[in-house]
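1. Here is the input, now give the coordinates:
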Amino acid sequence: MVEQLAEGDRTAGELSAVVREEFGVSQPAASRHLRVLREAGLVRSRVEGSRRIYSLDRDGVEAIGEWADRLRQLWGGSLSALGTEIARGQRDRRYESKGSQQ
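-> Now for the predicted structure:
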């Protein structure tokens, strides 16, 4: 839904159809998800006639980006070190496996 809204405003029906087709999500579940996104400040809605039009709330999306940046700064080094240790363990297991086969 967020990706669709990044391309431009969409009606609730359009968004519901996309998530039903791509993910098998029912219309009621899509409506609940839109409500959660709206309550989280990520999307806005307006009524035009009988249709509800959704758009991204740029301020909300920016706030999420800033939050993600802070997490990257906090965890970046630790996650990099974890990745190194995982790779080292995998490499060691391969060597041990080759040694036991000879």
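2. C-alpha only now, for contacts and for neighbours.
-> Fine.
3. which of the residues in the helix or strand hosting L34 are buried?
-> Here L34 sits within helix 27-39, counting by DSSP states H and E. Of the residues in helix 27-39, Q27, A30, S31, L34, L37, R38 count as buried by neighbour count, 16 or more other CA atoms under 10 Å.
4. Give the full set of residues in contact with E7.
-> With contact set as CA atoms under 8 Å, 6 or more residues apart in numbering, E7 has no partners.
5. change it to 10 Å
-> By CA atoms under 10 Å, 6 or more residues apart in numbering, E7 lies in contact with S55, L56.
6. Return the backbone torsion pair for it.
-> Dihedral pair for E7: phi -80, psi -20, per degrees, to the nearest 10.
7. could you check the angle helix 27-39 makes with the strand or helix carrying R91?
-> Here R91 sits within helix 58-101, counting by DSSP H and E. Interaxial angle, helix 58-101 versus helix 27-39 (axes from the mean of the first three to the mean of the last three CA atoms, to 10 degrees): 110 degrees.
8. So for R88, what's the pLDDT?
-> pLDDT for R88: 88.
9. Point to the helix or strand of the chain where mean pLDDT is at its lowest.
-> Ranking every helix and strand in the chain by mean pLDDT, DSSP states H and E puts helix 58-101 at the bottom, with a mean of 82.
10. what about P28, distance to A68?
-> Look at P28 and A68: by CA to CA, to the nearest Å, they are 29 Å apart.
11. Tell me how this protein divides into domains.
-> Domain assignment for the chain by the TED database gives 1-56, 58-101.
12. The nearest residue to R20 once chain neighbours are set aside: what's it in contact with?
-> Sequence neighbours aside, S26 is the residue nearest to R20 in space, at 5.9 Å (criterion: CA to CA, 6 or more residues apart in numbering). Contact partners of S26, counting by CA under 10 Å, 6+ apart, are S16, A17, V19, R20, R32.
13. Which single one of these is nearest to A81?
-> V19 (37.0 Å; CA to CA).
14. Could you verify my assumption that the closest one touches M1?
-> Yes - if you go by CA atoms under 10 Å, V19 and M1 touch, sitting 7.2 Å apart.
15. Could you name every residue contacting both of these two?
-> A30.
16. More neighbours: which of the two?
-> M1 (20 against 17; other CA atoms under 10 Å).
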